[in-house]
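In: Can you look at this prediction? I've put the sequence above it.
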Amino acid sequence: MEELTIGRLDGDAEARACAEMMATSDPWIFFGRTFEQCLDRVNNPMGEVWVARENDIARGFIILVLQGAFVGYIQVVCVAADARGGGVGSRLVAFAEERIFRQFPNVFLCVSSINPRARQLYERLGYTLVGELDDYLVRGYSEFLMRKSVGPLAEFRTEAERSPTEQS
């Protein structure tokens with residue numbers, strides 16, 4: 001694999017490529033998400049979209065939500081079909097964790113019951129099950145809320161609040 005870089009979403013063409021990647025893979029196919037719905041998600045200003053690129057080609061992307069009830073929420077992790085199993089998803093999640101843990105002590109994500117491989121990945125990366133949301137998106141299926149934490153909210157200090165010796 002060539003060097004993988006991660007950076008902000010870059011323009012409409014890349015947004016459309018990410019939406020296509022999402023609309024043509026599970027769990028979004030299973031849930032009946034159209035290209036237009038996926039594009040709306042990618043372009044939603046509430047999310048930060050980060051793209052993993054190899055030779056300037058999007059190989060995967062992640063959407064983070066850094067406001068609201070579950071601040072530090074990984075809303076979407078999507079990897080191109082031909083890049084799965086090559087570490088792109090793990091790299092995106094590690095990037096998201098680094099980004100989120102600078103400001104917040106928790107990273108949250110949901111994984112569908114139809115996607116046991118993704119759940120295994122998140123467990124391997126240190127996420128624990130917080131709860132199960134039955135019939136959340138589709139009747140008969142669950143979303144599993146997972147969390148990775150560096151400590152309680154009351155004890156957390158952002159990177160800016162830490163002393164220089166604590167940051168190194």
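Out: Done, it's in.

In: can you list the weak-confidence ranges in the protein?
Out: Residue ranges of the chain with pLDDT under 70: 1-2, 159-160, 162-168.

In: show me where the chain has helices.
Out: 11-23, 35-43, 88-101, 116-124, 164-167 (DSSP state H).

In: just checking, what packs against the first one?
Out: Taking 3 or more Cβ pairs under 8 Å, 6 or more residues apart in numbering; DSSP states H and E as the contact definition, the neighbouring helices and strands of helix 11-23 are helix 35-43, strand 47-54, strand 57-65, strand 73-79. To be clear about C-beta, it is placed using only N, CA and C from the backbone, and glycine gets the same treatment.

In: possible to save those as CSV with mean neighbour count and distance to Ala23?
Out: What follows is those, written out as CSV (neighbours: other Cβ atoms under 10 Å; distance: least, Cβ to Cβ, whole Å):
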stretch, mean neighbour count, distance to Ala23
helix 35-43, 17, 4
strand 47-54, 20, 15
strand 57-65, 22, 13
strand 73-79, 22, 10
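
In: Glu3 is nearest to which of these?
Out: strand 47-54 (7.3 Å; Cβ to Cβ).

In: Is it possible to get TSV of the helices and strands packed on helix 11-23 that adds distance to Asp135?
Out: Shown next, in TSV, are these (distance: least, Cβ to Cβ, whole Å):
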stretch	distance to Asp135
helix 35-43	20
strand 47-54	25
strand 57-65	22
strand 73-79	20
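
In: If you count neighbours, what's buried in stretch 8-21?
Out: Going by neighbour count (16 or more other Cβ atoms under 10 Å), the buried part of stretch 8-21 is 9, 14-15, 17-21.

In: meant to ask about stretch 143-162
Out: Buried residues in stretch 143-162, counted by 16+ other Cβ under 10 Å: 143-149.

In: closest to Arg41 among those?
Out: So of the buried residues of stretch 143-162, ranked by how close each gets to Arg41 (Cβ to Cβ), first place is Glu143, at 15.5 Å.

In: Relative to Asp26, which of the helices and strands packed on helix 11-23 is closest?
Out: Closest of those to Asp26 is strand 73-79, at 10.3 Å (criterion: Cβ to Cβ).

In: How far off centre is that closest one?
Out: In terms of Cα atoms, centre = their mean, to the nearest Å, the centre of strand 73-79 is found 2 Å from the chain centre.

In: Would you agree Val88 is in contact with Val79?
Out: Yes - using Cβ atoms under 8 Å, Val88 makes contact with Val79 at a distance of 4.8 Å.
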